[in-house]
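K.L.:
all I have is the shape, not the residue letters:
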């Protein structure tokens, strides 16, 4: 059964991590085909350049890029905000080609609200003070994801349910060390110093919609989550923002025709992506 097309003013998604085993590209493709926003904001870590050395970019992931191009061609404004995992694209910051643009952050006035959208890695102390540790963690996460996928295949054969080994581990680390609280407070204080009413970010992969109060005041904070575990997006209709969890008509990832593994070399991968997005390249 085909899902109805929903008309939105703005949709914000982040942390898709295309080019990794963890990315649920087929779920995202179904979501993108189910919406008709005036503006789509890709809020960082959409393409995982940290993992490009593995030369892994399945056709299902490329189909997401092609769907984005189709949306651009239909007149939808697509704004790509760079994150830490796709920082390779920061060299194209402030690029604008028709309905497509690449920026570091985005400030909007929606109704009577000032909205600030950015990825959030700038407020992550590990990224800036111990980048090697962040990349080690990303590699370990990728390895655990691969093991998890293999385990789930075996479980399905014997009629078992899927397990998410990496989810419980990551959630425990974040909550016990109060990383999320510090991250959110730092963002809230920065937003309040700019007289922002609503701040939207990603980076943590933990979707949340809350009011945060600091000594500077109160601000609404939305984290749009990810497309690895939560399949969530921040959406706006007529000035009203909500955090939406996408649920397809099937819990299983749909099999798409011709979805065989596609492994180009690294430069070919860059060129394919930039060509699809119609961004000029010089290598």
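P.N.:
Okay, I see it. Everything numeric here is computed off the predicted structure, so don't read it as measured data.

K.L.:
what about the strands in the chain?
P.N.:
Per DSSP state E, the chain carries strands over the ranges 6-13, 35-43, 77-81, 95-97, 100-103, 105-110, 113-118, 198-201, 208-214, 217-223, 232-237, 240-245.

K.L.:
a markdown table for those, including distance to residue 88 and mean neighbour count?
P.N.:
For every residue, glycine as well, the C-beta is placed using N, CA and C. Output for the strands of the chain, formatted as a markdown table (distance: least, CB to CB, whole Å; neighbours: other CB atoms under 10 Å):
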| stretch | distance to residue 88 | mean neighbour count |
| --- | --- | --- |
| strand 6-13 | 19 | 20 |
| strand 35-43 | 15 | 21 |
| strand 77-81 | 12 | 21 |
| strand 95-97 | 13 | 13 |
| strand 100-103 | 11 | 20 |
| strand 105-110 | 18 | 14 |
| strand 113-118 | 18 | 21 |
| strand 198-201 | 20 | 26 |
| strand 208-214 | 28 | 14 |
| strand 217-223 | 24 | 20 |
| strand 232-237 | 24 | 24 |
| strand 240-245 | 29 | 15 |
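
K.L.:
got a list of what residue 192 touches?
P.N.:
214, 216, 217, 218, 219 (CB atoms under 8 Å, 6 or more residues apart in numbering).

K.L.:
distance of the fourth one from residue 64?
P.N.:
This means residue 218. 36 Å (CB to CB, to the nearest Å).

K.L.:
confidence score at residue 97?
P.N.:
On the pLDDT scale, residue 97 is placed at 90.

K.L.:
actually residue 235, sorry about that
P.N.:
99.

K.L.:
ok, it touching residue 244?
P.N.:
Yes: because the distance of 4.9 Å satisfies CB atoms under 8 Å, residue 235 is recorded as touching residue 244.

K.L.:
partner residues bridging the closest residue in space to residue 196 that isn't next to it in sequence?
P.N.:
Leaving aside its chain neighbours, residue 196 sits nearest to residue 116 (4.5 Å; criterion: CB to CB, 6 or more residues apart in numbering). Beta-bridge partners recorded for residue 116 (DSSP bridges): residue 107, residue 199.
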